[in-house]
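S.K.: Return atomic coordinates for the entry below.
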Amino acid sequence: MATFHGLIKKLFKIAFFSSFLIAGVSILPLFQTLKIVSAGFYIWVVLIITANIFLIWLINIFLVYIQEKYFVSSRQQIIRYVLSFVISVTLSGFFLLFIESFNLAEIYLPDEELLRIGKRHRLAPFFSSLFSNAFVLFMQEVVLLREKKSRIELEFARLKIENSRAVNQQLKQHIHPHFLFNSLSILKSLIHKDPDVAEEYVIRLSDFLRISISSNETN
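M.R.: Coordinates of the predicted model:
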């Protein structure tokens, strides 16, 4: 769960910075079309586009949160895509229509400019939201795929470590009986040849086994 919360925070950071970046890039064609216009107009346009893109990001992040928390199947993944377009296009479209009701173009643009570029179609905000949501969804899926790849690699590394530990433990279980068998055979021969050396051998063998057992427990 902590990893997922980290993913959500990462998406929020990307949403914040990319919203300003997309807004700055989106205004370039407008800047070239309208050569003479006040700076206040461009500031308002950048803020509006930024707010719209960030709203689309929030909707998609919320849908990812719902999917990760309650759903996992591939069919529900498609449902998330559909909901993403329906909700994002609807809400951000109405948001842009609401902003247009302030008539910022009529305030900042001269009459001849209005006549030259004409008034936008009422469905234009919805088409703009459609393309914006597609771009945001693409960026989000790239982040999610990279995060999923990182999770798989991390899980694979963890499984390799667990497998190495299991193999190591299995080797220890095989080695100990053979080691004890050989040690007792040596001890038997030492008892007959040199009882003093055999006694020292038993003490050292017991110390070694005690250290070996405690080492296995700590591992």
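
S.K.: CA atoms for contacts and neighbours, from now on please.
M.R.: Noted.

S.K.: Longest helix in the chain, by number of residues?
M.R.: helix 124-193 (DSSP state H).

S.K.: Give the next helix or strand downstream of that helix.
M.R.: Next helix or strand after helix 124-193 toward the C-terminus (DSSP states H and E): helix 195-218.

S.K.: Would you indicate which residues of that next one are buried?
M.R.: 198, 201, 205 (16 or more other C-alpha atoms under 10 Å).

S.K.: Now do that helix and helix 124-193, the angle between them.
M.R.: Orientation check (axes from the mean of the first three to the mean of the last three C-alpha atoms, to 10 degrees): helix 195-218 against helix 124-193 gives 170 degrees.

S.K.: Tell me which other helices or strands helix 195-218 touches.
M.R.: With contacts taken as 3 or more C-alpha pairs under 8 Å, 6 or more residues apart in numbering; DSSP states H and E, helix 195-218 sits against helix 124-193.

S.K.: Mind putting the buried residues of helix 195-218 into a markdown table with distance to residue 149?
M.R.: Putting the buried residues of helix 195-218 into a markdown table (distance: C-alpha to C-alpha, whole Å) gives the following:
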| residue | distance to residue 149 |
| --- | --- |
| 198 | 59 |
| 201 | 55 |
| 205 | 49 |
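
S.K.: Tabulate the residues you listed (CSV), appending distance to residue 191 and pLDDT.
M.R.: Compiled in CSV, these are given as follows (distance: C-alpha to C-alpha, whole Å; pLDDT from 0 to 100):
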residue, distance to residue 191, pLDDT
198, 5, 84
201, 10, 86
205, 14, 82
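
S.K.: how far does stretch 13-25 sit from the chain's center?
M.R.: From the chain centre to the centre of stretch 13-25 is a distance of 18 Å (C-alpha atoms, centre = their mean, to the nearest Å).

S.K.: Name the helix or strand of the protein that has the lowest mean pLDDT.
M.R.: Taking mean pLDDT, DSSP states H and E as the measure, the helix or strand of the chain with the lowest value is helix 111-117, at a mean of 48.

S.K.: Surely residue 24 is in contact with residue 47?
M.R.: No - the criterion here is C-alpha atoms under 8 Å, and residue 24 misses it with residue 47 at 9.6 Å.

S.K.: where does residue 83 land on pLDDT?
M.R.: Listed pLDDT for residue 83 reads 87.

S.K.: Which secondary structure element is home to it?
M.R.: Residue 83 belongs to helix 74-100, assigned by DSSP H and E.

S.K.: Report how many residues lie close to residue 4.
M.R.: Neighbour count for residue 4, taken as other C-alpha atoms under 10 Å: 13.

S.K.: which helices and strands does the helix holding residue 83 pack with?
M.R.: Using 3+ C-alpha pairs under 8 Å, 6+ apart: helix 74-100 touches helix 39-70, helix 124-193.

S.K.: Can you list phi and psi of residue 194 for me?
M.R.: As for residue 194, its main-chain torsions (degrees, to the nearest 10) stand at phi -150, psi 100.

S.K.: Next, count neighbours for it.
M.R.: When neighbours are counted by other C-alpha under 10 Å, residue 194 comes out with 11.

S.K.: what do you get for residue 53?
M.R.: Quick note: residue 53 (other C-alpha under 10 Å) scores 25 neighbours.

S.K.: can you tell me which residues contact the closest residue to it other than its chain neighbours?
M.R.: Taking C-alpha to C-alpha, 6 or more residues apart in numbering, and ignoring the residues beside it in sequence, residue 53 has residue 19 as its nearest neighbour in space, at 5.4 Å. Applying C-alpha atoms under 8 Å, 6 or more residues apart in numbering to residue 19 gives the contacts 49-51, 53-54.
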